[in-house]
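Engineer: fold the following, please.
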Amino acid sequence: RKEIETLSIENEQMQARNKTLQGNNKALDEDLKRCTESLNNLVEEKSLLEESFKAALEAQRTKSQIKEDQLLVRCEQMESRAARAGKELSDTQQKMREQTNKMA
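Structural biologist: The predicted model follows:
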């Protein structure tokens, strides 16, 4: 009879421990679920930030390319003006030589 009482007490203790472990397991499952959700949110946020960064980088590249294109056009215009000015100078010098030769 004493052995039965001892076994009964041990059984109750085991059941109480089992309930405690089940409670801990449930709490850990809930923590795991929250952590998984947080991780998923962070992964999604990281993805959005990467997309945003790529878009900003592309916009900056486009902006830089536009400025570079504008500078190239300006350089071409200046080269063209310089060529015209050089030709005008050459023509003027030729005319001055001709006039000098006529005077001589």
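Engineer: give me the mean pLDDT for the helix or strand hosting residue 46.
Structural biologist: Secondary-structure assignment from DSSP states H and E places residue 46 in helix 2-103. Helix 2-103 shows a mean pLDDT of 95.
Engineer: now it: how far from the chain's centre is it?
Structural biologist: Here helix 2-103 is found 0 Å from its chain centre; the criterion is C-alpha atoms, centre = their mean, to the nearest Å.
Engineer: any figure for the gap between the residue most central in space within the chain and residue 38?
Structural biologist: For the chain, the residue sitting closest to the mean C-alpha position, by C-alpha atoms, centre = their mean, is residue 53 at 2.0 Å. To residue 38, residue 53 is 22 Å away according to C-beta to C-beta, to the nearest Å. C-beta: built from backbone N, CA, C; applies to glycine.
Engineer: before we move on, what about residue 89?
Structural biologist: 74 Å.
Engineer: and what of residue 22?
Structural biologist: Note on residue 22: its distance to residue 38, by C-beta to C-beta, is 25 Å.
Engineer: likewise residue 73?
Structural biologist: Per C-beta to C-beta, residue 73 is found 52 Å from residue 38.
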